[in-house]
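Engineer: need coordinates for the below:
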Amino acid sequence: MIAQRAWRLAALAVVLVGVWSLAGWLISAGGGQPVADQFIFDRVQAATGDVMVTAARIVTLGGDPYLAPVAVAGLAAFIWFRTRSWEFLVMATVALGGSAVVASTVKLIVDRPRPDDGLVETMTSAFPSGHSVRGVVVFGLLAWWVATATRWAWRRVLAAVCVILAGGVVVSRVMLGVHWPSDVLAGAVLGVVWLAATLQWGRPRATDLRDG
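Structural biologist: Next up is the predicted model:
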C-alpha cells in the first residue's frame, strides 16, 4: 500500500512538472510579459510604501529556503516529544521536499527572467515562485495540525491565521519586486495541490498526534 501511494505521488510529480512547464512556456512566450502580469505588478509596486516593504521582508521569511525546513523540523520535533510519533515528520518531509523538487525542476525548464530591480537577493529563475510554494506548504501543514490535532480553544482562529500568513508570503514576493503575479499564483496553486496530495497520501490520524 505504501509503495503504491509513493508511485502515485511520483506520477503526480511528473504530471505537475509537465503541466507547470507548459504553463510557464505559454506565459513567457514572445519574450515580454503578459499585459495582466505587467498591469498588476505595476499597481502593486505603486501601492507599496516603506512600511509595507518592511512587512513584506518579514512575512516573506515564511517561505525562505533555509528557514522553512528548520520551521517544519522544529514543529516535527515538538510533535515527536509530545507523542513519540514519526508520522508527521515523514509527511512533512514528503510535502516540503517533494514540492521543492517539482518547483525547482520547473524553474530549470522554464527559466523565466525575474523583474528588474527586486528589493531582495534572488538566485533562481522566476517561474514558479519557490517562496510561494514553501509558504503554502509550511503554513498549510501548521494550519492542518492546529485545526485537527490540537484541543486548543482558538485552534480554528490560529489555523485561519496560518492561511493568511501563507497568502502573505505569496503577495510579498510581488511587493518586493522579485516575481510576476503569475509566478506567485503558479507557486501557490502548486503548493496547494502537492500539500493536498501529501495529506491524502500519508496523513496521520489526529489522535496519533495528540499527547493524550
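
Engineer: from here on, just use CA atoms for contacts and neighbour counts.
Structural biologist: Noted.

Engineer: following the helix or strand harbouring residue 14, which helix or strand shows up next?
Structural biologist: Take DSSP states H and E as the rule and residue 14 turns out to sit in helix 2-28. As assigned by DSSP H and E, the chain's next helix or strand after helix 2-28 is helix 35-47.

Engineer: hmm, back to that, for the helix holding residue 14, list every residue counted as buried.
Structural biologist: Buried residues in helix 2-28, defined by neighbour count with 16 or more other C-alpha atoms under 10 Å: 9, 12, 13, 16, 17, 18, 20, 21, 23, 24, 27, 28.

Engineer: can I get those in JSON lines with distance to residue 167 and pLDDT?
Structural biologist: As requested, these are arranged in JSON lines below (distance: C-alpha to C-alpha, whole Å; pLDDT from 0 to 100):
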{"residue": "9", "distance to residue 167": "25", "pLDDT": "88"}
{"residue": "12", "distance to residue 167": "24", "pLDDT": "93"}
{"residue": "13", "distance to residue 167": "23", "pLDDT": "95"}
{"residue": "16", "distance to residue 167": "21", "pLDDT": "96"}
{"residue": "17", "distance to residue 167": "23", "pLDDT": "97"}
{"residue": "18", "distance to residue 167": "25", "pLDDT": "96"}
{"residue": "20", "distance to residue 167": "20", "pLDDT": "95"}
{"residue": "21", "distance to residue 167": "23", "pLDDT": "96"}
{"residue": "23", "distance to residue 167": "22", "pLDDT": "94"}
{"residue": "24", "distance to residue 167": "21", "pLDDT": "93"}
{"residue": "27", "distance to residue 167": "22", "pLDDT": "90"}
{"residue": "28", "distance to residue 167": "24", "pLDDT": "84"}
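
Engineer: next, the distance between the ends of stretch 115-127.
Structural biologist: 11 Å (C-alpha to C-alpha, to the nearest Å).

Engineer: who's in contact with it?
Structural biologist: The contact list for stretch 115-127, computed with C-alpha atoms under 8 Å, 6 or more residues apart in numbering, reads 24, 106-108, 110-114, 176-180, 182-184, 186-187.

Engineer: which among those count as buried?
Structural biologist: 24, 106-107, 110-114, 176-180, 182-184, 186-187.

Engineer: host element of the most centrally placed residue in the chain?
Structural biologist: By C-alpha atoms, centre = their mean, the chain has its centre lying nearest to residue 133, at 2.2 Å. Using DSSP H and E, the element containing residue 133 is helix 130-149.
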